[in-house]
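Undergrad: with the input below, show me the fold.
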Amino acid sequence: MEIVKRPPTGKLPARWFTGDAWADVIYRGEEPSRARANIVRFAPGARTAWHSHGLGQTLYIVEGVALIQSRGGEILQAHPGDVIWTPPGEEHWHGAAPDRFMVHLALWETDDVSWLDHVTDAEYTGPRVSARP
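TA: Model prediction:
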């Protein structure tokens with residue numbers, strides 16, 4: 001057993017994010033592991049660009065109000081304790097509501113992420129539905 005040294009918090013790049021977002025690497029598996037886990041903190045209004053993961057992605061909402069959308073789908077509004085699964089290859093974005101910070105734990109496998117276009121303001125401000133039934 002060992003305590004793993006973590007890299008410093010990193011500001012996420014503008015080519016993949018709108019607004020301010022920071023990540024703490026929790027786990028980056030070494031072969032044969034492909035697991036990845038990051039805590040990501042979004043300022044109000046910050047969001048990812050459209051992207052997809054080759055093996056899917058799970059988001060666990062820790063704090064604030066999250067907005068998540070699959071291409072062509074409704075914007076889901078999620079809250080602490082909600083778990084969102086995005087299947088392999090599904091184009092999506094996620095970020096904070098315009099008036100709240102948001103923190104999520106992002107879990108995925110491999111570095112197989114395809115980054116696409118930025119989410120427009122019109123897409124971001126579309127109608128929302130609750131992620132809870």
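Undergrad: so how far is Gln77 from the nearest residue to Phe42 once chain neighbours are set aside?
TA: Distance criterion Cβ to Cβ, 6 or more residues apart in numbering; nearest residue to Phe42, sequence neighbours excluded, is Ala96 at 3.8 Å. Quick note: C-beta positions are derived from backbone N, CA and C, even for glycine. Ala96 sits 11 Å away from Gln77, going by Cβ to Cβ, to the nearest Å.
Undergrad: those two - which one has more neighbours?
TA: Remark: of Ala96 and Gln77, Ala96 carries more neighbours, 26 against 16, as counted by other Cβ atoms under 10 Å.
Undergrad: does that one really touch Val62, like I thought?
TA: No - using Cβ atoms under 8 Å as the test, Ala96 is too far from Val62 to be in contact (12.0 Å).
Undergrad: point to the residue nearest the middle of the protein.
TA: Residue closest to the average C-alpha location in the chain (Cα atoms, centre = their mean): His94, at 5.0 Å.
Undergrad: tell me the contacts of that one?
TA: Taking Cβ atoms under 8 Å, 6 or more residues apart in numbering as the criterion, His94 is in contact with Arg47, Thr48, Leu59, Ala66, Leu67, Ile68, Gln69, Ile84, His104.
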